[in-house]
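Peer 1: Turn this into a structure:
(chains A, B and C)
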Amino acid sequence: MHDTLVEVNDLKQYFPIRTGIGKTIPLKAVDDISFTIGRGETLGLVGESGCGKTTAGRSILRLYEPTGGEVLFEGEPVTDRNITAMRKKMQMVFQDPYSSLDPRMTVEDIIGEPLDVHKLCKNRKERRERILELMETVGLNAEHATRYAHEFSGGQRQRIGIARALAVKPDFIVCDEPVSALDVSIQAQIINMFEELQEKLGVAYLFIAHDLLVVHHISKRIAVMYLGKIVELADADEINDHPIHPYTESLLSAVPIPDPDITRARQRIILEGDVPSPLHRPTGCPFRTRCRYATEQCARECPELTDRGGGHQVACWVK
Amino acid sequence: MAERLLSVQDLHTSFFTDNGEVQAVNGISFDLDPGEILGIVGESGSGKSVTAYSIMQILADTGKITGGRILFKGSDLTTWNDKQMQSFRGKNCSIIFQDPMTSLNPVFTIGNQLEEAVVLHTSRRGEAAKARVKEFLELVGINEPEKRIKQYPFELSGGMRQRVMIAMALACEPDILIADEPTTALDVTIQAQILELIQSLQKKMGMAVILVTHDLGVIADMCDNIIVMYGGRICERGTAREIFYNPKHEYTKGLLRSIPNVGNMKKKLVPISGTPINMLNLPKGCAFCPRCDAAMKICLSELPQEITINSDHKAACWVNVKNALEEVSADA
Amino acid sequence: MKQNSPLQKNPLSLQLDLSKYSAASFELATDEEKRQQDVMGESTTFFKDGMRKLLKNPLAVIAIVLILLILITIIVAPYIVPYSYEEILSVEGRRDKGAKNLAPFTYSKMEQQYIAKGGERFPHIFGTDEQCRDYFIRVVYGTRISLFIGFFASLIVLVIGILYGSISGYLGGRVDLIMMRIVDIIYSLPDMLMIILLSVVLNEVLVFPAGSFMARLGTNMVSLFIVFGLLYWVGMARLIRGQILSIKQNEYILAAQSIGAKPGRIIRKHIIPNCLSVIIISTALQIPSAIFTESFLSFVGIGVRAPMPSLGSLANSARGGLQSYPYKLVFPAVMICLIVLSLNLLGDGLRDAFDPKLKR
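Peer 2: Next up is the predicted model:
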């Protein structure tokens, strides 16, 4: 249906961790993940803290130098050489609206920075007009242009961050937990804005979040990550209604649903223990230490993502 | 009337900052019965945490209770001296915080800190205290308590630390447990563990729990009664089912419409417009009226009174009064 | 309101006196009315906010007033007082040999005769020194020199410190490691020894055109500047580096990178402005320490060259007649104290007002 915009192939992102003098071991933050995102599509990426979802977003935008694998944008590999040009097409919205805006800059300068960096405006008047247009797009008042970021509430700050990302007219935006730092009553404003911008501008999103309800609402497809690996990838409704991977299953059952009758009636699958450290990842399937179906095979070999029909991909030996 | 376990009456708490007085809590009243799980829900700046801290009297230096009474078993806590409060905290009432790392002392072992809490508030000493610590670690679901006792907070994961915090809070079997966003910093699967733990411990020990959170999902799951706060005042209170299925305050209604839920996945969310309230500059009337779609002239100028919807439900919203008026005139 | 049906149907009317409310008050409020309730606070910039806090701090205000008074005095006094700092007093062209070591506000015999004849004579506010020079104007010039040295030495420290620290902090890794070890080595050099050695060497090497300002300052002072430039920037460099390391953690740096901004732009536009408060504060605290160093060196005799006075050299020459003329030590010493104290207080005030770490 969509033509592919972003293709991620076997992306690896390891960080060397020093364990002694001259000794390092790799921290496998992202390990062999592959997916595609179509033009104007939203792919949700969920997982718990430390699962590598943020790192994945950043290495796709080459804010980190990937250890292995490749990212294709419109069929063209993203490399160090073409990265400046690529930054006009791929942008990012950050999680923390407080630390992602420079406190010493006015709103105008923050939104105008990408325009300056890529020299997209011929003169001051054009720059000013473009900034005001962007501010209107994200629902900010023109009179706010000369104010500083710290004078705004979290939701408004996030709007400024989104306007900054939109300034270069990108085709693809990585949204790294863009609503999790916001108040409940503000989240919906921002989620709706993402959806409206997509309808209007046709941008594709990689929407990273830990809140399954939010991700389900905004995404067409969802990828579930656990310890640097994608364990399940499928249509949003499909994942929600028929999760296959035991991790997805328990994740879904653990989400508190804001409806007393439903949430109290349902059977929860409480996972035992904590997420293992990515430095000491279990052999075989990363989830096996907490999985109630784990077998010997799970300890020996790491399962690959396989298609279970209708594009529902799962990496599990048992199910 | 039977004596309440805790009765907060017309509590006012302010913070005196460089920019002026911030009235964080503006005259709230509520009661807590033994064995009740009360949820206080609201967004940042609604005064929900300040309410909890006021009960414990652990406000920051700039904060001060400026009015009202907090009755614990009939005795007013605001008149208690520091020593009495110290014994109240821990023995009668304990609190667990959002971030367990900052509430545990990093230079002492888990065992040390738990034992200190036990010795401070109970008559157990030495071996008896140690045994008690082990017992409690087991109770909160920490495996290998012997090993954990010797560990330092940084050696434990977030979920573990929160369990230790809970063990510490419960070590003296308090009458009230205040949980201030106990799971906000935790992952979903760990959150489920901790909530389950609090629930089961509450059943086992029978204490009352005040759960302060912004997460409506957690509230729906855990609480018997719910208080919805906005701008330092109570908007609405009632049983969980009343609040979720029969909301009578525009803010609660808006909140429930704006969160993604099982029912509205395919639909567009209906957000609450505007920006969160500026506590330095509270509106004269209803705090929510600048953001309220149903705001009326009276909302701008007059504070809504709390009115009883039914025996399980109260709300402070002019819209209810308006509906009542219309009904009266329709009948007449 | 007395009908039964609504009472039964609707308990609300029992709780509230509904007749109190007119229908008009239940009309929907307009957006305009709602907006009036929700005003955004007045726009303040970081510096406006900081200045407001600074001016609320009484100690800082006293310090600012003191500094302003001193500055006005040293700028205006030479135009009012008809003596120069190196001028030996004379009356009607004749040298006034009696005008030696006069107490404050007294006149020599010759001057008294001159006044008796109807002549005008400007009072010696601080008296005179043992070479018959007006002491007040010497103290004024001494203050000028001391402040000048304090200010410029700090400026040198600032420029080198910022450049070095920001490069080291931003690049990080191995470059940072090597640059910081160099800093450690410089830090371990004994500074007084270096100043004395350098001034000896430079005395030989440096020759300034006679009469130029540099020549009047003397090689000692120039070497002091050079030593400041070579040695004292390390503290500033360390501070800036630490600051940058913490600023680098902020997401807005990552955001700038994701926009495609180059390192130079990131340092200029994001990092330096965010260190600015720390830079201002530490410079304000650097000036008094430079003044102290200068005074100390002049006191031990390797400071500014005579007849140019500095507060330190004035104090030094006052040492000789301490028993008979104690006020000659008091004036420059009090001046040093006032300058150093007020600058320190101002520095503390600036820190309280501007340091982001102390906010909220």
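
Peer 1: which non-adjacent residue is nearest the residue of the stretch 1-150 of chain A found nearest chain B?
Peer 2: Across the stretch 1-150 of chain A, no residue is closer to chain B than residue A:48, which sits at 3.7 Å (CB to the nearest CB). The way it works is simple: take the backbone N, C-alpha and C, and place the C-beta from them, glycine included. Of all residues not flanking residue A:48 in the chain, residue B:187 sits nearest, at 3.7 Å (CB to CB, 6 or more residues apart in numbering or on different chains).

Peer 1: again with residue B:11
Peer 2: Using CB to CB, 6+ apart and skipping the chain neighbours, the partner closest in space to residue B:11 is residue B:68 (3.9 Å).

Peer 1: Check whether the spatially most central residue of chain A sits in a helix, strand or coil.
Peer 2: With distances taken as CA atoms, centre = their mean, the residue of chain A nearest its centroid is residue A:208 (2.5 Å). Here residue A:208 is recorded as strand under DSSP: H, G, I helix; E, B strand; the rest coil.

Peer 1: in terms of contact, does it touch residue A:53 like I think?
Peer 2: Yes. With contact defined as CB atoms under 8 Å, residue A:208 and residue A:53 form a contacting pair (4.9 Å).

Peer 1: Touching both of the two, which residues are there?
Peer 2: A:45, A:46 (CB atoms under 8 Å, 6 or more residues apart in numbering or on different chains).

Peer 1: Residue B:104 contacts residue B:113, doesn't it?
Peer 2: Yes. With contact defined as CB under 8 Å, residue B:104 counts as touching residue B:113 (6.4 Å).

Peer 1: What's the local residue count around the residue lying closest to residue B:151 once chain neighbours are set aside?
Peer 2: With sequence-adjacent residues excluded and distances taken as CB to CB, 6+ apart, residue B:151 is closest to residue B:110, at 5.6 Å. A total of 26 residues lie near residue B:110 under the criterion other CB atoms under 10 Å in any protein chain shown.

Peer 1: contacting residues around residue B:110?
Peer 2: With the criterion set at CB under 8 Å, 6+ apart, residue B:110 makes contact with B:104, B:137, B:148, B:149, B:150, B:151, B:152, B:153, B:156, B:164.

Peer 1: that's a strand at residue B:235, yeah?
Peer 2: Yes. Using three-state DSSP, the secondary structure at residue B:235 is a strand.

Peer 1: Please tell me I have it right and it contacts residue B:315.
Peer 2: Yes. Residue B:235 is within contact range of residue B:315, at 6.8 Å (criterion: CB under 8 Å).

Peer 1: which residues are common contacts for those two?
Peer 2: Residues touching both residue B:235 and residue B:315 by CB under 8 Å, 6+ apart: B:249, B:252.

Peer 1: With secondary structure and neighbour count as new columns, can the contacts of residue B:110 be given to me in JSON lines?
Peer 2: Converted to JSON lines, these look like this (DSSP: H, G, I helix; E, B strand; the rest coil; neighbours: other CB atoms under 10 Å in any protein chain shown):
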{"residue": "B:104", "secondary structure": "coil", "neighbour count": "20"}
{"residue": "B:137", "secondary structure": "helix", "neighbour count": "24"}
{"residue": "B:148", "secondary structure": "helix", "neighbour count": "22"}
{"residue": "B:149", "secondary structure": "helix", "neighbour count": "19"}
{"residue": "B:150", "secondary structure": "coil", "neighbour count": "11"}
{"residue": "B:151", "secondary structure": "coil", "neighbour count": "15"}
{"residue": "B:152", "secondary structure": "coil", "neighbour count": "15"}
{"residue": "B:153", "secondary structure": "helix", "neighbour count": "21"}
{"residue": "B:156", "secondary structure": "coil", "neighbour count": "20"}
{"residue": "B:164", "secondary structure": "helix", "neighbour count": "26"}
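
Peer 1: Would you mind giving the secondary structure of residue 99?
Peer 2: In the absence of a named chain, chain A is used. Once three-state DSSP is applied, residue A:99 turns out coil.

Peer 1: Wait, chain C was what I had in mind.
Peer 2: coil.

Peer 1: neighbours of the spatially closest residue to it that is not a sequence neighbour, just the number please.
Peer 2: Spatially, and ignoring its direct neighbours in sequence, residue C:99 is nearest to residue C:108 (3.9 Å; CB to CB, 6+ apart). The local packing of residue C:108 (other CB under 10 Å) involves 20 other residues.

Peer 1: My guess is residue C:108 contacts residue C:95. True?
Peer 2: No. Using CB under 8 Å as the test, residue C:108 is too far from residue C:95 to be in contact (10.9 Å).

Peer 1: Can you check which residues contact both of those two?
Peer 2: Residues touching both residue C:108 and residue C:95 (CB under 8 Å, 6+ apart): residue C:89.

Peer 1: Get me the contact residues on the stretch 201-332 of chain B for chain C.
Peer 2: Residues of the stretch 201-332 of chain B lying close to chain C (CB under 8 Å from any CB of the partner chain) are B:274-275, B:277-278, B:280-281, B:283-285, B:289-292, B:294-300, B:305, B:307-308, B:318, B:320-322, B:324-325, B:327-328, B:331-332.

Peer 1: Among those residues, which ones are in strands?
Peer 2: B:307, B:308 (DSSP state E).

Peer 1: Quick one: residues contacting the closest residue to chain B within the stretch 201-350 of chain C.
Peer 2: Nearest residue of the stretch 201-350 of chain C to chain B: residue C:349, at 14.2 Å (CB to the nearest CB). With contact set as CB under 8 Å, 6+ apart, residue C:349 has these partners: C:54, C:57, C:59, C:60, C:63.

Peer 1: now those as CSV including secondary structure and pLDDT?
Peer 2: As requested, those are arranged in CSV below (DSSP: H, G, I helix; E, B strand; the rest coil; pLDDT from 0 to 100):
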residue, secondary structure, pLDDT
C:54, helix, 84
C:57, coil, 86
C:59, helix, 90
C:60, helix, 90
C:63, helix, 92
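
Peer 1: Quick check: bridge partners of the spatially closest residue to residue B:4 that is not a sequence neighbour?
Peer 2: Excluding the flanking residues, the one nearest residue B:4 by CB to CB, 6+ apart is residue B:31, at 4.7 Å. Taking DSSP bridges as the rule, residue B:31 bridges to residue B:7.

Peer 1: Drop anything exposed from the contacts of residue C:349.
Peer 2: Buried by 16 or more other CB atoms under 10 Å in any protein chain shown: C:54, C:57, C:60, C:63, out of the contacts of residue C:349.

Peer 1: Compute the distance between residue C:251 and residue A:155, please.
Peer 2: Going from residue C:251 to residue A:155 by CB to CB, to the nearest Å gives 17 Å.

Peer 1: quick one: which of those two has more around it?
Peer 2: Set residue C:251 next to residue A:155 and count neighbours by other CB under 10 Å: residue A:155 wins out with 24 against 20.

Peer 1: ok, for the residue of the stretch 201-350 of chain C closest to chain B, nearest residue in space, not its chain neighbours?
Peer 2: Using CB to CB, 6+ apart, the nearest residue to residue C:349 is residue C:60, at 2.7 Å.

Peer 1: And residue C:329, by the same measure?
Peer 2: residue C:318 (4.1 Å).

Peer 1: if I pick the one you found, what's in contact with it?
Peer 2: C:325, C:328, C:329, C:332.

Peer 1: Could you save those as JSON lines and add columns showing pLDDT?
Peer 2: JSON lines is the format used below for these (pLDDT from 0 to 100):
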{"residue": "C:325", "pLDDT": "84"}
{"residue": "C:328", "pLDDT": "84"}
{"residue": "C:329", "pLDDT": "87"}
{"residue": "C:332", "pLDDT": "88"}
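
Peer 1: and which of these is nearest residue C:69?
Peer 2: Nearest to residue C:69 among the contacts of residue C:318 is residue C:332, at 16.7 Å by CB to CB.

Peer 1: check which helix or strand covers the closest one.
Peer 2: helix C:327-354 (DSSP states H and E).
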